[in-house]
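A.B. asks: Show me how the following folds:
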Amino acid sequence: MTIAFSGTCWSKFAGAVGGVTVYLDGTKLGDVPMYFNNTSMHMTLPTQFFSANLDFGQHTITLSALTDETNSDQNDFYSVWIVD
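C.D. replies: Prediction:
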């Protein structure tokens, strides 16, 4: 199965590395990194695709900040979807 992620975030510091880490059922699928050239500017993270083996039943997807420089507020949006 392929799981895709897209979203936005920002940093208070120019030159900072940030982004999002994606977890499936507590296991890290991968990182979606971003280099912030500007301060306090909401940036679109690159769409990232992850491969995953899923059994039948409920699953939990968790998103967390990749670094302490990653910020998110009510102006940021995230999408996670199953591609196949």
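A.B. asks: in the protein, what residue sits furthest out from the centroid?
C.D. replies: Distance from the centre of the chain peaks at Phe56, with 24.3 Å (CA atoms, centre = their mean).
A.B. asks: so that residue, which of the three states?
C.D. replies: Three-state assignment for Phe56 (DSSP: H, G, I helix; E, B strand; the rest coil): coil.
A.B. asks: ranges for the strands of the protein?
C.D. replies: Shown for the chain, the strands assigned by DSSP state E span residues 2-9, 16-24, 27-36, 43-44, 48-51, 61-65, 78-82.
A.B. asks: Adding distance to Ser72, mean pLDDT and mean neighbour count as columns, could you present these in TSV?
C.D. replies: C-beta here means a position set from N, CA and C on the backbone, and glycine is covered the same way. Below are the strands of the chain laid out as TSV (distance: least, CB to CB, whole Å; pLDDT from 0 to 100; neighbours: other CB atoms under 10 Å):
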stretch	distance to Ser72	mean pLDDT	mean neighbour count
strand 2-9	5	97	18
strand 16-24	9	97	20
strand 27-36	12	96	16
strand 43-44	11	95	15
strand 48-51	16	96	14
strand 61-65	7	97	13
strand 78-82	8	94	12
